[in-house]
Structure formats: structure tokens, C-alpha cells
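Peer 1: sequence below, structure please.
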Amino acid sequence: MKKESKILNYLGHATVALSLLSLAYVALMAWVNPYQVMLLVGEKLSNTDSMSSIRGVYGGVGLFLVGVLAWFWKNNPKTSLQLLGLFWSLYALSRIVTWMVEGPLGDFGKQWLMIEFFLGMLSLLLSAVITQKEPKKSNNLAHQ
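Peer 2: Next comes the predicted model:
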């Protein structure tokens, strides 16, 4: 494997690892204490329905996404980057839609728009240029 190819593969793995850690952190935070997640955007949760929604969407769905992403990372790293490219790009697009419909984003929203856009484009670019290892041939008779 060429040196440039190895560097790109390592960068791809680092991008997936960083995304997994950050998504797992927010998901676990939402699961344990949804109020903490909303403090990140300066909002208060005033009832149990809003707490259960944050726990469900950021916690439950977030943990599901972490599991799916980890499975793809183990079995097909290139697909994990494609999934992340779509995930982060849609997050960025949702902020752009909010900006256009509801008005300008605050500093928090603008900062995360840039981060999500960068991670989305980086993931898609890396998925397009990294090499995929060929799966090992099995000696198992069931696969022959």
C-alpha cells in the first residue's frame, strides 16, 4: 500500500473514531440527563414529554446510530464514511434550512454548521479516495 493511501486510510479511521466518540458522548449524556444536552443550546426542558423526546432522539436514536456506525466501521470502513458523510451533511443542511426559514443562526449554530459541513465533506471525500481492503476468502465449505 502506498504511503499516501495509508495516510488517507488512517485519516478515514480517525474521522470515524472522532464521530463515534462525539455521537456516543451526546447520546449517553442525553440518556442519563437530557437537561444537560439542552443546556448546550441554552434551552430548558420544562416537562417530562420534552425530556423523553430528547432522551429518545439524542439518546436512543443516537446510541442506535453509534451501534450501526461501529458495525459498518468494523465490516466496511468505506461505507461508514459514506454514512457519516450523509449524516453530517444532513445536519448541516438542517441548520441552513433553519437559517432560511426562521432567521439567522446564533454563534452556536454557525459554529456547528461549519463543523458539520466540514465533517460531511471530509467523510465523503475520504470515502471516494480510500482503498477498500478485499475481504479474506473463507475456507468454510458453506461459502464455497
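Peer 1: neighbouring contacts of the strand or helix carrying E116?
Peer 2: Assigned by DSSP states H and E, E116 belongs to helix 107-129. By C-beta atoms under 8 Å, 6 or more residues apart in numbering, the residues outside helix 107-129 that reach it are 8, 11-12, 15, 19, 40-42, 78-79, 81-82, 84-92, 95-96, 98-99, 105. In short, each C-beta sits where N, CA and C put it, glycine included.
Peer 1: at 6 Å what do you get?
Peer 2: Outside helix 107-129, the residues that touch it by C-beta atoms under 6 Å, 6 or more residues apart in numbering are 8, 12, 15, 78, 81-82, 84-85, 88-89, 91-92, 95.
Peer 1: repeat that for stretch 95-102.
Peer 2: Residues outside stretch 95-102 that contact it (C-beta under 6 Å, 6+ apart): L105, G109, L113.
Peer 1: measure the second one to G60 for me?
Peer 2: Computed as C-beta to C-beta, to the nearest Å, the G109 to G60 distance reads 24 Å.
Peer 1: so K44, which state does it fall into?
Peer 2: Secondary structure state of K44, per DSSP: H, G, I helix; E, B strand; the rest coil, is coil.
Peer 1: show me what counts as buried in the helix ranked longest in the chain.
Peer 2: Ordering each helix of the chain by length in residues (DSSP state H) puts helix 3-32 first. Neighbour-count burial for helix 3-32, counted by 16 or more other C-beta atoms under 10 Å, picks out 8-9, 11-13, 15-16, 19-20, 23-24, 26-27, 29-31.
Peer 1: what's it packed up against?
Peer 2: If you count contacts as 3 or more C-beta pairs under 6 Å, 6 or more residues apart in numbering; DSSP states H and E, helix 3-32 packs onto helix 34-39, helix 62-75, helix 77-102, helix 107-129.
Peer 1: which one of these lies closest to E4?
Peer 2: Of all the helices and strands packed on helix 3-32, helix 107-129 sits nearest to E4, with 9.3 Å by C-beta to C-beta.
Peer 1: now do that closest one against helix 77-102: the angle between them, please.
Peer 2: 150 degrees (axes from the mean of the first three to the mean of the last three C-alpha atoms, to 10 degrees).
Peer 1: which positions in helix 107-129 come out as buried?
Peer 2: W112, L113, E116, F117, L119, G120, L122, S123, L124, L125, L126, S127.
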